[in-house]
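Participant: Provided below are the primary sequence and the corresponding predicted coordinates.
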Amino acid sequence: MPGEARRAYVGQNEGGGVIEVAPWVVPDPGEKDPAATLESRRASLRAVGEELLPAGVRKNQYVETVIAADIDPALPFPVEAAGAPGALGPSQALQAMGDAEQSHPALAWGGGGPLVLAFQEGARGATRVLVATSEDEGKTFGAPHAAASGGEAQITPAVLATGDHVYVAYQERSAAGARVACVLSTDRGKTFGAPVFLPSEGMTPDAWLPALASASGRVFLAYVDGSSGNERVMLARATAGTLDFEVQPIESAKMHPGMNIRNNQWAPAVAALGGEVAVSWVDFRGYNWDVFLARSSNGGTAFGAPVRVDDGTDAPERLNDDPSLLFVPGGGAVTVALGWSDVRRREPNATARVSLVSGNVIGQSRKLGEGPAEASAFRPRLVALGAGSVAAVWQDDRTGGKDVYLATSVEGGASFGAEKRIDDGGEGPSYQTGPAVAANGVGGMVVAWEDTRSGRRRIRWVAGKP
């Protein structure tokens, strides 16, 4: 409405849904000059941001403040009816286990084993990691059951299925700190043994965000360890069928001494094929969150120097997250497909991107999400459908809600075909977020996501061939 006061972040387009915004070190140049373009305002603000860097004339002179509001996170979402079936057909909910919140789905399928879905369920601070398995290619899942005992909160599961063996890794949070744990089932996910906790570099554990892969009789578990004062990516290796992990950092030493923020690494992903192992993460060494990749040709014993693989240029205010990667099927062990969420110069929208790394050649990224320019696409997840065939799923808000989309490539990720919506959450204010994907290697795939149509976040899934 003309004359309406709308809140927005400094240097951004006005947007609804914002109650209050804390002040920055300088006012938005648009307040002094209403005719200033958005790009000129951002240029002025970037110049001030560079002055705030450790070597700048205003180093660390940020404004610190608090914005407080009373909210009730237990209030339900709006209840919405299902919409039209997506490209893979109508979705299904897991067997009813009460109305507790469910989130963070993770899927695994391969090596002749079952299709396995892991997720967290419960109120904040009291979540448990549950597992459900399917022996009919995702047509149905059995009743979810706990992956591990214990009274501490369990969050952010990762899952791996290879033959009769199922691994589930997760974070356990307690007053003593945060640890990454891993459990193993030898009976296709029906029962699990006692958890093994991965070590930390420091005295107080602070481990996060596990990721799993396997190849050639080895299991690989990547995670973040922040116990040394910086978040660093670690890789644990074990013989398949065991939890006898050997752990090492991807980089043998910190890039900078002490607790320098430029040492920080986050959100690891891991893939393996034959003797090749690849680990990707987002990295702050350039004062921005860039996507890095390190590769090993000797089964994860040693890694080459990490290389930056995103193509966000050296412009300031880059923010990448959620990497996903796999070795391209049919392309040998030399080509890796990488996906990530990409925000450049704090634009109001994010894009989901995919890039290929062949040998030492890093390809230009490809954008997923064909919606309007102001729409965002997040959290791309990649999966191999067969030789040379790759699928990507991601969270997309082109319709004004949160939906899940799919695109496939028959060129190993070099290009993608038409984008298809695969959730059936309708057009109302329900959200479909945090997708996970798995495939059987011969064209069949399953996608799971968080869905709020019932009034609570619950896991739904759909299976089919794209």
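Facilitator: Received the coordinates, thanks. Owing to the predicted nature of the structure, the values given are computational and were not obtained by experimental measurement.

Participant: Name the SS class of residue 30, please.
Facilitator: Three-state assignment for residue 30 (DSSP: H, G, I helix; E, B strand; the rest coil): helix.

Participant: show me the residues around it that make contact.
Facilitator: 36, 41 (Cβ atoms under 8 Å, 6 or more residues apart in numbering). Quick note: C-beta positions are derived from backbone N, CA and C, even for glycine.

Participant: Quick check: it vs residue 294, distance?
Facilitator: Counting by Cβ to Cβ, to the nearest Å, the separation of residue 30 from residue 294 is 42 Å.

Participant: just residue 204 next, same as before
Facilitator: For residue 204 relative to residue 294 (Cβ to Cβ), the value is 27 Å.

Participant: higher neighbour count, these two?
Facilitator: residue 294 (19 against 10; other Cβ atoms under 10 Å).

Participant: what's the burial count for residue 365?
Facilitator: For residue 365, the neighbour count with other Cβ under 10 Å is 21.

Participant: Need the pLDDT of it.
Facilitator: Here, the pLDDT recorded for residue 365 equals 92.

Participant: Provide the backbone phi and psi angles at it.
Facilitator: Note on residue 365: its backbone torsions stand at phi -80, psi 160 [degrees, to the nearest 10].

Participant: hang on, isn't it packed against residue 311?
Facilitator: Yes: at 5.2 Å, residue 365 counts as touching residue 311 under the criterion of Cβ atoms under 8 Å.

Participant: anything in contact with each of those two?
Facilitator: Common neighbours of residue 365 and residue 311 (Cβ under 8 Å, 6+ apart) are residue 355.

Participant: Please identify which helix or strand holds the spatially most central residue of the chain.
Facilitator: The residue lying closest to the centre of the chain (Cα atoms, centre = their mean) is residue 322, at 3.4 Å. Taking DSSP states H and E as the criterion, residue 322 maps to strand 318-327.

Participant: cool, and residue 302?
Facilitator: Assigned by DSSP H and E, residue 302 falls outside every helix and strand.

Participant: Leaving aside the residues adjacent along the chain, what's closest to it?
Facilitator: Leaving aside its chain neighbours, residue 302 sits nearest to residue 296 (6.1 Å; criterion: Cβ to Cβ, 6 or more residues apart in numbering).

Participant: Could you do residue 174 as well?
Facilitator: The nearest residue in space to residue 174 (Cβ to Cβ, 6+ apart) is residue 152, at 4.3 Å.

Participant: What is the end-to-end distance of stretch 398-416?
Facilitator: Counting by Cα to Cα, to the nearest Å, you get 18 Å between the two ends of stretch 398-416.

Participant: follow-up on the earlier one: got a list of what the residue nearest to residue 174 touches?
Facilitator: Taking Cβ under 8 Å, 6+ apart as the test, what residue 152 contacts is 172, 173, 174.

Participant: Check the gap between it and residue 128 for me.
Facilitator: Using Cβ to Cβ, one obtains 10 Å as the distance from residue 152 to residue 128.

Participant: thinking again about what came up before, buried residues of the strand holding residue 322, list them for me.
Facilitator: 318, 319, 320, 321, 322, 323, 324, 325, 326, 327 (16 or more other Cβ atoms under 10 Å).

Participant: Next SSE downstream of it?
Facilitator: strand 335-344.

Participant: In its sheet, which strands sit next to that following strand, and in what direction?
Facilitator: Using DSSP bridges, strand 335-344 pairs in its sheet with strand 318-327 (antiparallel), strand 351-358 (antiparallel).

Participant: lowest confidence element among the helices and strands of the protein?
Facilitator: Lowest on mean pLDDT, DSSP states H and E among the helices and strands of the chain sits helix 29-32, with a mean of 85.

Participant: Counting by contacts, list what the next helix or strand after it packs against.
Facilitator: Downstream of helix 29-32, the first helix or strand assigned by DSSP H and E is helix 38-51. Helix 38-51 sits against helix 29-32, with contacts defined as 3 or more Cβ pairs under 8 Å, 6 or more residues apart in numbering; DSSP states H and E.

Participant: list the buried ones in the helix it packs on?
Facilitator: So for helix 29-32, counting by 16+ other Cβ under 10 Å, buried means 29, 30.

Participant: Only alpha carbons, please: show that helix as PDB.
Facilitator: Extracted in PDB, the C-alpha atoms of helix 29-32 (Å, rounded to 0.1, in the frame of the first residue of the first chain):
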ATOM      1  CA  PRO A  29      21.900   4.800   1.900                       C
ATOM      2  CA  GLY A  30      18.400   4.700   0.600                       C
ATOM      3  CA  GLU A  31      17.200   6.600   3.700                       C
ATOM      4  CA  LYS A  32      19.300   9.600   2.600                       C
END
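
Participant: ok now that helix, how far from the chain's centre?
Facilitator: Relative to its chain's centre, helix 29-32 lies at 37 Å (Cα atoms, centre = their mean, to the nearest Å).

Participant: can you check stretch 328-341 too?
Facilitator: On Cα atoms, centre = their mean, the centre of stretch 328-341 falls 17 Å from that of its chain.

Participant: same question, stretch 86-105
Facilitator: 19 Å.

Participant: again, but for stretch 218-233
Facilitator: Relative to the centre of its chain, stretch 218-233 is centred 16 Å away, using Cα atoms, centre = their mean.

Participant: likewise stretch 208-220?
Facilitator: With Cα atoms, centre = their mean as the basis, stretch 208-220 stands 16 Å off its chain's centre.

Participant: Kindly format the C-alpha coordinates of that stretch as PDB.
Facilitator: In PDB, the C-alpha atoms belonging to stretch 208-220 read as follows (Å, rounded to 0.1, in the frame of the first residue of the first chain):
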ATOM      1  CA  TRP A 208      28.000 -32.200  14.400                       C
ATOM      2  CA  LEU A 209      26.300 -33.200  11.100                       C
ATOM      3  CA  PRO A 210      27.400 -36.700  10.200                       C
ATOM      4  CA  ALA A 211      27.400 -38.000   6.600                       C
ATOM      5  CA  LEU A 212      27.900 -41.600   5.400                       C
ATOM      6  CA  ALA A 213      29.200 -43.500   2.300                       C
ATOM      7  CA  SER A 214      30.700 -46.800   1.500                       C
ATOM      8  CA  ALA A 215      32.800 -48.500  -1.200                       C
ATOM      9  CA  SER A 216      35.100 -51.500  -1.700                       C
ATOM     10  CA  GLY A 217      34.400 -53.000   1.800                       C
ATOM     11  CA  ARG A 218      35.000 -49.700   3.600                       C
ATOM     12  CA  VAL A 219      32.500 -47.400   5.400                       C
ATOM     13  CA  PHE A 220      33.200 -43.600   5.600                       C
END
